[in-house]
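*Asks:* sharing a model prediction with you, sequence too.
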Amino acid sequence: MNVGLAILALFVIGAIVILAARFLPRSENVAEPPPVATTMPPEAPPLSPTVDEPTWGKREAAEFAMLPEAARCDILFSIEGRHDERSAALLAYALTDPSEVVATAAAHALIVRGESGLVERYLGECDHKRRASMARTLCALFPGFAATEPVESQLEPEEAIREGEDGEVRPPGARSVLILDLAHLRLSDELRTIERADSGGMLRHLIALKRLLPERAMDAAPALDAALRDAREAMNAPIARLAMTLNRPRPVVSTKDIEDGAGRIALRSMLDALLAAPTGTEMPVATGDICLLAGSVDLDELAKLRGRLENEPIGAALPWVVNALLLPTSVLLHGDEYDILSRYRTRAAESLSLLCELPVAEFHRIIATHSDRVLDALLDDALAELAKLDAIPSGGSTGS
């Protein structure tokens, strides 16, 4: 009996302990389970990663300046609706960009943002030529915009003023004489090789125009002569690839075969130097064994093409129109002048101008597959005349 009571008591005590453990609060803290991790999508990057920062320094300015002209304009148009300190500093900086196209894009964005006063102050301080051009464009885009100086009354039309680097006004119709010294070039060998590799298209004319590109100007400063030489050198790599293309049974031309970014920059820099330099219109005189190829070029015509180059894609036809118009026309030998390339220059510029409206890929197809028989004949005649005069020596070092 006592044993049964003891067992019953133990059972009751165990039941009480179990119930207490289950229902009474515990003395130790129980760690809560960690929250379930959720993967959040990354924030979308800002439109321009360099625009959201609070400051604008020399490093950012250098990075912006290194971008292509079209890319700089794209950035400016993309931030014209943003009103943070960073975008304002970028637009103010771009207003002084060396490219007038970029500066005009910055001015457009600033006026859209309601900051036309900054643009007006800049136009009042910049040089006369840029002020005239930019003010005319902005007044056309924003009829209510008023430049610091009245555009029509105080700024002469662009066609009536040509201003050189020394501030001297160049009259309309001004010309300059460009020169190629034939004494150190083996052009006869090169051009005969081009003829033998003729693919039936117009490719050999591009090589001829490159090889006959002038290397100095009459009465020019060293900077202009250096720019002319740089333009010749910059075309070497694409033209070397093009010469290899001529040897293929069915040549297919790509952009890199006729132009690259370095060549476009050099061409633009050379035109800027030529248009800003004082003009020398006297033809040189070659005496003795000196043999020169010289010709007068129309600076107004080149100025119009220089403006169009800003929006032309790499590998387009327009740079070759420029090269054609730069071509010297007369061989000067022993004090005599022989007009050999005038007709070829005119025809080359006309033929290439007709191709300027084509897409780049179509331009490449045309020059690889279609020939201009009149242009071919004029080049053949010019080479024959050069050989008859023995104007190009058979010896000497290879030119650039």
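*Replies:* Great, that's in hand.
*Asks:* ok, how many other residues are close to Asp339?
*Replies:* Neighbours of Asp339 under the rule other CB atoms under 10 Å: 11. To be clear about C-beta, it is placed using only N, CA and C from the backbone, and glycine gets the same treatment.
*Asks:* scratch that, Thr346 is what I was asking about
*Replies:* Neighbour tally, Thr346, other CB under 10 Å: 15.
*Asks:* cool, and Met66?
*Replies:* 9.
*Asks:* I'd say Cys139 and Phe145 touch.
*Replies:* Yes - counting by CB atoms under 8 Å, Cys139 touches Phe145, with 5.6 Å between them.
*Asks:* how about the helices in the stretch 101-250 of the chain?
*Replies:* 116-125, 128-141, 151-154, 187-196, 203-211, 222-234, 236-246 (DSSP state H, counting those that start in this stretch).
*Asks:* so what secondary structure elements neighbour the last one?
*Replies:* Same thing as helix 236-246. Helix 236-246 sits against helix 203-211, helix 261-276, with contacts defined as 3 or more CB pairs under 8 Å, 6 or more residues apart in numbering; DSSP states H and E.
*Asks:* tell me the most buried of those?
*Replies:* Mean neighbours per residue, mean count of other CB atoms under 10 Å, is largest over those for helix 203-211, with a mean of 24.
*Asks:* at which residues are the strands of the chain located?
*Replies:* Per DSSP state E, the chain carries strands over the ranges 162-163, 169-170, 175-181, 216-217, 291-298, 330-333, 336-339.
*Asks:* now render the ones you listed as TSV, adding distance to Arg232 and mean pLDDT.
*Replies:* Formatted as TSV, the strands of the chain follow (distance: least, CB to CB, whole Å; pLDDT from 0 to 100):
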stretch	distance to Arg232	mean pLDDT
strand 162-163	25	51
strand 169-170	25	56
strand 175-181	9	81
strand 216-217	10	86
strand 291-298	13	86
strand 330-333	19	85
strand 336-339	23	86
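*Asks:* quick one: which of the ones you listed is nearest Leu383?
*Replies:* Across the strands of the chain, the minimum distance to Leu383, taken as CB to CB, is reached by strand 330-333, at 11.8 Å.
*Asks:* just for the protein, where's the confidence low?
*Replies:* By pLDDT under 70, the low-scoring segments of the chain are 1-58, 140, 144, 146-173, 183-199, 247-249, 278-280, 288-289, 389-400.
*Asks:* which one of the strands of the chain lies closest to Val101?
*Replies:* strand 162-163 (18.8 Å).
*Asks:* using TSV, lay out the strands of the chain together with distance to Leu318.
*Replies:* Below are those laid out as TSV (distance: least, CB to CB, whole Å):
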stretch	distance to Leu318
strand 162-163	21
strand 169-170	23
strand 175-181	19
strand 216-217	22
strand 291-298	16
strand 330-333	26
strand 336-339	27
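*Asks:* run a quick neighbour tally on Glu233.
*Replies:* 14.
*Asks:* closest to Leu275 out of the strands of the chain?
*Replies:* strand 162-163 (7.5 Å).
*Asks:* minimum distance to Leu67: which of the strands of the chain has it?
*Replies:* Shortest distance between Leu67 and the strands of the chain, using CB to CB, is found for strand 162-163: 28.3 Å.
*Asks:* residues shared between the contacts of Cys139 and Phe145?
*Replies:* Overlap of the contact sets of Cys139 and Phe145 (by CB atoms under 8 Å, 6 or more residues apart in numbering) is empty.
*Asks:* any idea which of the helices of the stretch 101-250 of the chain is most buried?
*Replies:* Of all the helices of the stretch 101-250 of the chain, helix 203-211 carries the top mean neighbour count, a mean of 24, counting by mean count of other CB under 10 Å.
*Asks:* tell me what that helix is packed against?
*Replies:* Counting contacts by 3+ CB pairs under 8 Å, 6+ apart, helix 203-211 is packed against helix 187-196, helix 236-246, helix 318-325, helix 360-369, helix 373-389.
*Asks:* format the CA atom coordinates belonging to the third one as CSV.
*Replies:* Which is helix 318-325. Only the C-alpha atoms of helix 318-325 are listed here, as CSV (Å, rounded to 0.1, in the frame of the first residue of the first chain):
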residue,chain,number,x,y,z
LEU,A,318,33.2,63.7,-97.6
PRO,A,319,36.9,63.5,-96.4
TRP,A,320,37.9,62.4,-99.9
VAL,A,321,36.1,65.3,-101.4
VAL,A,322,38.3,67.5,-99.2
ASN,A,323,41.4,65.6,-100.3
ALA,A,324,40.4,66.1,-103.9
LEU,A,325,40.0,69.8,-103.4
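*Asks:* in it, what's buried?
*Replies:* By 16 or more other CB atoms under 10 Å, the buried positions in helix 318-325 come out as Leu318, Pro319, Trp320, Val321, Val322, Asn323, Ala324, Leu325.
*Asks:* dump the residue contacts of the residue nearest to Leu242 when sequence neighbours are not counted.
*Replies:* Closest residue to Leu242 apart from its sequence neighbours, by CB to CB, 6 or more residues apart in numbering: Asp257 at 4.8 Å. By CB under 8 Å, 6+ apart, the residues touching Asp257 are Pro238, Arg241, Leu242, Thr245, His364.
*Asks:* if we use 6 Å, what do you get?
*Replies:* Asp257 makes contact with Arg241, Leu242, Thr245, according to CB atoms under 6 Å, 6 or more residues apart in numbering.
*Asks:* what is the nearest of these to Leu212?
*Replies:* Among those, and counting by CB to CB, the member closest to Leu212 is Leu242, at 15.0 Å.
*Asks:* how close does that closest one sit to Leu203?
*Replies:* 6 Å (CB to CB, to the nearest Å).
*Asks:* and Gly307, by the same measure?
*Replies:* Counting by CB to CB, the gap from Gly307 to Leu203 is 28 Å.
*Asks:* for Lys304, same thing?
*Replies:* Counting by CB to CB, the separation of Lys304 from Leu203 is 26 Å.
*Asks:* what does Gly201 show for phi and psi?
*Replies:* Main-chain dihedrals, Gly201, degrees, to the nearest 10: phi -100, psi -150.
*Asks:* distance of it relative to Asp181?
*Replies:* In terms of CB to CB, Gly201 sits 30 Å off from Asp181.
*Asks:* now Glu215
*Replies:* Counting by CB to CB - Glu215 and Asp181 are separated by 7 Å.
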